[in-house]
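> sequence unknown, structure follows:
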């Protein structure tokens, strides 16, 4: 237990001269609106302006960074409301107590940093979490979230989020987005993102069902390859018409290849019939990634790739709790060879944009920055998942800046479902970028006025340019 | 040549404010007893309390970090007492002179840092080594080690090593360990470690002989696969009964797979008959690693993995001097896919612990920390071999802390046969961890009292928990 | 737009105590002559002492770091004089305007750092480049390069480059080098480098033509494998007689293997006949790399390897502008297994030297430093291509110093065709090394007098030793 307070200089460099510069840079960006072009907040929260249920379902259960560490400490996922399980009041309170009990495990991690930022900044805490104050802290948060000014829309206003992109299924009717756009009382942008992964995996056992549904919503006959392509084009357009600016892709790798149309059609038919081999399915998936790029040159959706996760590593947990329950583990990734085909075709196409994210930080200096420094279409995506943290963000800037400076990067993305953590995450990024820029100023690699301009651009024009906002 | 002295602030961060914090953290841990849960000190040194022979066989010949660099400088290994070769007095003196002659090659390396720490701290040197003082320095050390208070047990007392684990062959009778345990005049813990690598490599030409020997000492019939498994279980129990807390494993990779029992038995028979293919032998080795995990869930030995070394890279040196003569070179490693099978089976098993070491630092942030942040069994092992050095240790803390903080790491291991370097190595680690923690305090990511507690835990409860001490 | 000035402390560490040490170290090396043992300056520039044509062909068109970033910004390569295209005066001026227009893209990159160093230090600029001053800056540079004291020889004198190695085709007659060596009025060393890559790639469609030409210039019958080997030996000797100290090699990988002579001869015949398979061609290329090492043990040329570039990634650009036009992208590399065969044979051979460069920085700590710390022949090459930049150079020193200190490294190489950037690049390296050494002094890992000696050795004895100068 101890006092909690947010130091105004947190995350700024320790050297006094450098810190002074960083403070000034940070002051210039601290209060600028938040642009969140990629994340996982459910759009219905905003459309329906639903009150949050309880501290655990707001702060703990949706945050895989939190529940995976508690699992590592021996807490069963079932007691944490993970995987869609509903906890009653007693269960939610017990889950919260687990977090308080194991709060020391998070010392030094961004998870603790963000949550303390929220607890102090949003909920007015003056003490850190501890086993002794588990109930009191739960009650305090419950009281705050019951308030009228703690509804999602009020928070979006309070957090000053100007753009918030959600992540959506291609078959989604985007009714929530449409309602928000039509609502004159709500002037923030909430944009859908086209996330077609499962519809591009012909090897899935449910592929035929998936594309049948795609046929229904698009009105195209997905019984043929041509209809499947048309259906995807149709849904992308639908998304674009509803404000989407990007499509988001995560497969086992980013290998791309172009099949002859007839070969693609042949494999597609096999996939529907359940006779396609694994190699054929993989080939078709790689071909479809190139197709996505082609469609992007037509409908203008920015393409974001974030490959490299071994999904559902622990089989018993998958069986008990479903996917996205904390055991997606990064693997090594390769972009140079993998993307060669796609980029030879569309790398210099007018208006095409491709943002490369990675879970494998070895590619930042070796592959992503060199690609982004040649292809007009390619941007180096901000550190993502496991890497959206102070030390990793520092390594990212160190790795890419030598080769591409700042203007070929994407700007920060929070990639989160933890709505209340959005300000803390963006604030962290602004502090760290201020610190990095200050370091370049302190050793006279950058003039202070240039650093000032870059700091502002990093949260305004740079994400706007990368995501066509 | 120059004066040698140990600066009290060595290895602490240069920024004055951060150094001040680091000093206080270090002061709290500087004198705590040393826990050494993995290393290579021969147990007979302590059991027999043998006096050390000469400076070269004490400090140079057993230290691959030293002799490999001298070899790179053109000194023949034969002149350095490497690979078990005995040097006479003149030879030992000449070897020492080689080191003095090439001492500048080690500038900036931890090897020089450790040895200077020993020379000043233990042997009372006031001058650094140099060609001019080769003989005098040799004589000085020889004089000190001849003293009664320079016997291994006295040193273990003086160094305040509370636990020292050795590394032992599964067929070893552990008589030295038993003698030490039975000796009422000796109250330090010296623990064996079960190191079965060669008995788990069915592709070795001497595999049949090895398992025959395993059969003898265990009383099991290793002519069959079932007997082989029983013999390994038997020897693990024997080690556990003699105080062992861990088994240690180093193969070419960490790929794991589970064969059907009948298939394992078939390959085992083929391996004994010399007819198993290389693929079969590899499959059985990978299967046996899973078996080791299964046994661990029964006998409680912590499993430590440190793969990724290309052994005996230079064939002529292997032929002339045998293995472990300085030319084991790291290779790239993969843990996520490799361990999937083992962890799906035993990753959440009660009491099972698996500590992952690596020679390939790219896996720290990408694979090891994410695994240790989900699986209750997995700990991120401290930087090991080539990476147990100031810069690499800094990179390690930077790489893993974002994801798993401090409490899912193993604590420092020295992994050394160079007995006199143990205090210097642990002291280095404490200084570096103090510096890293101070950095987090200085930029307000950690409160000073939390850093203080972590610094202490890192050398007490953290290694004790990871190694079941 | 803003003022441009070169701060005397640029690139030195920000911490005042550390900076003070760094300043003193830098002062000791700042004015020492430049040794440039690997680069791409055309020897005819010096032999003919040709005046430079215009600012664009001097500073922009030959610098892939500059034109690739402009391409990423959407500027067509054709407008930048890339790939040998000649620009007229208006075109050159427009190309320069493109650079001025996009100068902010380079903020924080070494490209901007170097060019500003040149603009201020050589051309006397007091303002940074900007769209407003495009014409004025072009005129200013044009005026300076028209001056008599801006000829290549005068610059080599002014830059104080004592040794400059060029990169040359094995069939080159080295007439320019001979002329320079014979010229009593010119006392700087300009050395050729043997770069046989394309003659060692039996899979190239033009292989038969290439070796035919090799036969012509060597007088050997390259119709047979024995004649091919003799021709290579012949040309290496010719280069050595003309002052060459090294051969330089860049293939897709560094895998080495030794074929039986008869097998090599068989594949060679097939390659000439156009019937060799891709696997056979690859095998012969890998075999020839071992042959190069064998020849090196005889003729004394240092062997430098820099593999790991995926050449000509963007096919349309290759077709339109040829190779070396900014889209060679790094790929992952492997040295430990790849070089095992070569090093088992020649790793300890008298006088053999092998310098390992890499585009994949993950191998610095994992493979290159461990190899250089055992094999007397192996040196860790300085950061190269994409990595010859402040942040990457810092990571390199951090990665290799723990294992091999400073004396098993190669010293800096500039690897550039941008003649005027040579002083800025070497100065950058000296500043960064001074800073790194100062850091070791500041945390008491190194005594200041030792750091001083190392700083001097890094630009004198260390490159001289590595490159047999």
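All right, it came through fine. Quantities reported herein were computed from a predicted structural model and do not represent experimental measurements.
> Name the residue most distant from the centre of chain A?
residue A:262 (35.9 Å; CA atoms, centre = their mean).
> Residue A:321 versus that one, what's the distance?
Distance, residue A:262 to residue A:321, using CB to CB, to the nearest Å: 43 Å. Placement of C-beta: from N, CA and C, glycine included.
> With residue A:309 instead?
17 Å.
> Equivalent analysis for residue A:267, please.
33 Å.
> ok, now which ones touch residue A:125?
By CB atoms under 8 Å, 6 or more residues apart in numbering or on different chains, the contact set of residue A:125 is A:4, A:116, A:119, A:137, A:140.
> swap the cut-off to 10 Å and go again
A:3, A:4, A:5, A:115, A:116, A:118, A:119, A:133, A:136, A:137, A:140, A:141 (CB atoms under 10 Å, 6 or more residues apart in numbering or on different chains).
> what pLDDT does the residue nearest to the fourth one when sequence neighbours are not counted get?
Right, residue A:115. Distances taken as CB to CB, 6 or more residues apart in numbering or on different chains place residue A:59 nearest to residue A:115, at 6.9 Å, with adjacent residues excluded. The confidence metric pLDDT takes the value 95 at residue A:59.
> hang on, the earlier thing: list the buried residues in the helix or strand that contains the residue farthest from the centre of chain A.
Using DSSP states H and E, the element containing residue A:262 is helix A:261-273. For helix A:261-273, burial by neighbour count (16 or more other CB atoms under 10 Å in any protein chain shown) applies to A:264, A:265, A:266, A:267, A:268, A:270, A:271, A:272.
> So what touches it?
A:201-204, A:207-208, A:211-212, A:222-229, A:258-260, A:275-277, A:279-285, A:287-288, A:291.
> please redo it, this time with the cut-off set to 7 Å
A:202, A:207, A:208, A:225, A:228, A:276, A:280, A:281, A:283, A:284, A:287 (CB atoms under 7 Å, 6 or more residues apart in numbering or on different chains).
> Stretch A:217-228 too?
So stretch A:217-228 is contacted by A:171, A:211, A:212, A:214, A:215, A:230, A:231, A:234, A:235, A:264, A:265, A:268 (CB under 7 Å, 6+ apart).
> try stretch A:314-321
A:77, A:82, A:83, A:312, A:325, A:327, B:343, B:344, B:347.
> same check, this time on stretch A:459-469
A:29, A:32, A:35, A:37, A:163, A:245-246, A:300, A:302, A:353, A:355, A:379, A:407, A:409-411, A:430.
> Please list which of those are also close to chain C.
Filtering those for proximity to chain C by CB under 7 Å from any CB of the partner chain leaves residue A:407.
> Now the helix or strand harbouring residue A:430: buried residues?
Assessed by DSSP H and E, residue A:430 sits inside helix A:422-442. Neighbour counts over helix A:422-442 (16+ other CB under 10 Å) mark A:422-442 as buried.
> what's downstream of it, the next helix or strand?
Counting by DSSP H and E, what follows helix A:422-442 is helix A:448-458.
> Is that following helix in proximity to chain C?
Yes. Legend: contact between helix A:448-458 and chain C by CB under 7 Å from any CB is shown at A:449, A:450, A:454.
> that older thread, for the helix holding residue A:430, what is the distance to the chain centroid?
Remark: helix A:422-442 is offset 19 Å from the chain centroid, using CA atoms, centre = their mean, to the nearest Å.
> Centroid-nearest residue for chain A?
residue A:415 (2.1 Å).
> Okay, and it sits in which element?
Here residue A:415 is assigned to no helix or strand, by DSSP H and E.
> mind checking how far it is from chain B?
Applying CB to the nearest CB, to the nearest Å, the value for residue A:415 to chain B is 15 Å.
> Residue A:237 now?
With CB to the nearest CB as the criterion, residue A:237 and chain B are 37 Å apart.
> Also residue A:418?
Taking CB to the nearest CB, one finds residue A:418 at 17 Å from chain B.
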